[in-house]
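>>> here you go, sequence then predicted model.
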Amino acid sequence: MADGIEFEGEVPIPQWNLELYRRIYLLEQWLRRIVMAGLMSRYATQWRSAIPTEISANLKQRRRQLAARTFLDVESSDNVVWLLTLEELKQLMTSNFIWPSVKELTGLQRADVLARVDELREIRNVVGHNRATTPRTLRIFEGVEQYLGQGIDHFRNETLYSESNAIFSHAEDEPLAEAVEALWEPGTRQVFLQASDRFYAMVSLPVPPFAYISVPDLVEAIHDVRHLILAVYVNGVADEFSVVWPRGALDAEHQQVIEAIAAFHVGRHTELPYSEQDPKHVCDPRIWFYFDALRPGGWPPTMEDDR
């Protein structure tokens, strides 16, 4: 928790600013994930066509600007949801065409979301422009965080920690199961197909040498199909991941996703924990980590010591 003012040389730095930046970053990442899931839940792989024209025009310019940042060695995904301003994100999230999906995923009320995101945007602008904040600013933010956090907790339970997905272990259960089963190689690749009402998940279980997934190699493997997938759920402490994409994809798109993951084997393992791998890949918008110790039950989540 922030505690007072610290001096860096002659300059006073309010610690509330540092605390707020970290917690705003966390909230914003989840809000973008929710919008992404809402879009794909409603429009499957055609989700980009649902972006309003007036917003799309601005996004094209921002995408062109990404190339100029490569020399900075930063995360520079061209996922348009991550290029939205917070105001645009709010507009999209609460729009008539995806709000029903967002409400289902979060359990929130639209009027309250509009108000809380507006407050979040004002506080974000204050912090982003290096205006000094106070304990009162932090308390106002905590009200925003508490409300939106309820929806985020619901969303986490519907996605990363869902236990209601059907598991298809035989080809006759589901057409795609045969293609996934064909990839099973004992000791090398252990996979199966999962499904919810709107999404498939190709689950890859740990295999020897039981180290960690190389996230840079994983990001490279999904490069050509990243527009088709919602996310890759990665176990934060193991060599285990699930690729999630919409059931409404075309047959050829289903095959593309499966083939991309089938090719992910060279360089799959590493001894480096995820916290020590390249941050621009670990923090890629398509990579979503999960930890058993963080199962929904309060916001913000707190990591237990014995994770």
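That came through, no problem. Note that the coordinates shown come from a computational prediction; the quantities given were computed from them, not determined experimentally. Numbering: from 1, shown residues only.

>>> what helices and strands are in contact with the strand or helix carrying residue 220?
Here residue 220, judged by DSSP states H and E, is contained in helix 215-221. Secondary structure elements in contact with helix 215-221, counted by 3 or more C-beta pairs under 8 Å, 6 or more residues apart in numbering; DSSP states H and E, are strand 231-235, helix 279-282, strand 287-290. For every residue, glycine as well, the C-beta is placed using N, CA and C.

>>> tell me what whatever helix or strand comes next after the first one is packed against?
Put plainly, it is strand 231-235. Remark: after strand 231-235, the chain's next helix or strand is strand 241-246, criterion DSSP H and E. With contacts taken as 3+ C-beta pairs under 8 Å, 6+ apart, strand 241-246 sits against helix 15-43, strand 199-204, strand 231-235, helix 251-262.

>>> for residue 216, which of the helices and strands packed on helix 215-221 is the nearest?
Shortest distance between residue 216 and the helices and strands packed on helix 215-221, using C-beta to C-beta, is found for helix 279-282: 4.4 Å.

>>> could I have that closest one exported to PDB, CA atoms only?
Taking C-alpha atoms only, helix 279-282 is exported to PDB below (Å, rounded to 0.1, in the frame of the first residue of the first chain):
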ATOM      1  CA  PRO A 279       8.600  -9.500 -21.000                       C
ATOM      2  CA  LYS A 280       7.400  -8.400 -24.400                       C
ATOM      3  CA  HIS A 281       6.300 -12.000 -25.000                       C
ATOM      4  CA  VAL A 282       5.200 -12.900 -21.500                       C
END
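
>>> picking that back up, make CSV from the helices and strands packed on strand 241-246 and add distance to residue 117 and mean neighbour count to it.
Converted to CSV, the helices and strands packed on strand 241-246 look like this (distance: least, C-beta to C-beta, whole Å; neighbours: other C-beta atoms under 10 Å):
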stretch, distance to residue 117, mean neighbour count
helix 15-43, 7, 20
strand 199-204, 25, 23
strand 231-235, 22, 23
helix 251-262, 32, 17
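
>>> quick one: the strands in the stretch 1-150 of the chain, in order.
Assigned by DSSP state E, counting those that start in this stretch, the strands in the stretch 1-150 of the chain fall at 5-8, 11-14.

>>> mean pLDDT and distance to residue 274 for the helices and strands packed on strand 241-246 - can I get that in CSV?
What follows is the helices and strands packed on strand 241-246, written out as CSV (pLDDT from 0 to 100; distance: least, C-beta to C-beta, whole Å):
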stretch, mean pLDDT, distance to residue 274
helix 15-43, 96, 16
strand 199-204, 92, 16
strand 231-235, 96, 7
helix 251-262, 94, 19
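
>>> nearest to residue 61, out of those?
Nearest to residue 61 among the helices and strands packed on strand 241-246 is helix 15-43; the distance by C-beta to C-beta comes to 19.1 Å.

>>> and the closest one, what does it pack against?
So helix 15-43, by 3+ C-beta pairs under 8 Å, 6+ apart, packs with helix 86-93, helix 99-106, helix 110-128, helix 135-158, strand 241-246.

>>> so which of those gets nearest residue 51?
Comparing the helices and strands packed on helix 15-43 by C-beta to C-beta, helix 86-93 comes nearest, at 7.2 Å.

>>> returning to that earlier point: want to try CSV for the helices and strands packed on helix 15-43, with distance to residue 275 as columns?
Shown next, in CSV, are these (distance: least, C-beta to C-beta, whole Å):
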stretch, distance to residue 275
helix 86-93, 27
helix 99-106, 28
helix 110-128, 25
helix 135-158, 20
strand 241-246, 17
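
>>> from residue 145, how far off is residue 23?
In this structure, residue 23 and residue 145 are 6 Å apart, going by C-beta to C-beta, to the nearest Å.

>>> which neighbours do the two have in common?
Shared contacts of residue 23 and residue 145, defined by C-beta atoms under 8 Å, 6 or more residues apart in numbering, comprise residue 300.

>>> picking up where we left off before, go through the helix holding residue 220 and flag the buried ones.
Neighbour-count burial for helix 215-221, with 16 or more other C-beta atoms under 10 Å as criterion, is recorded at 215-219, 221.
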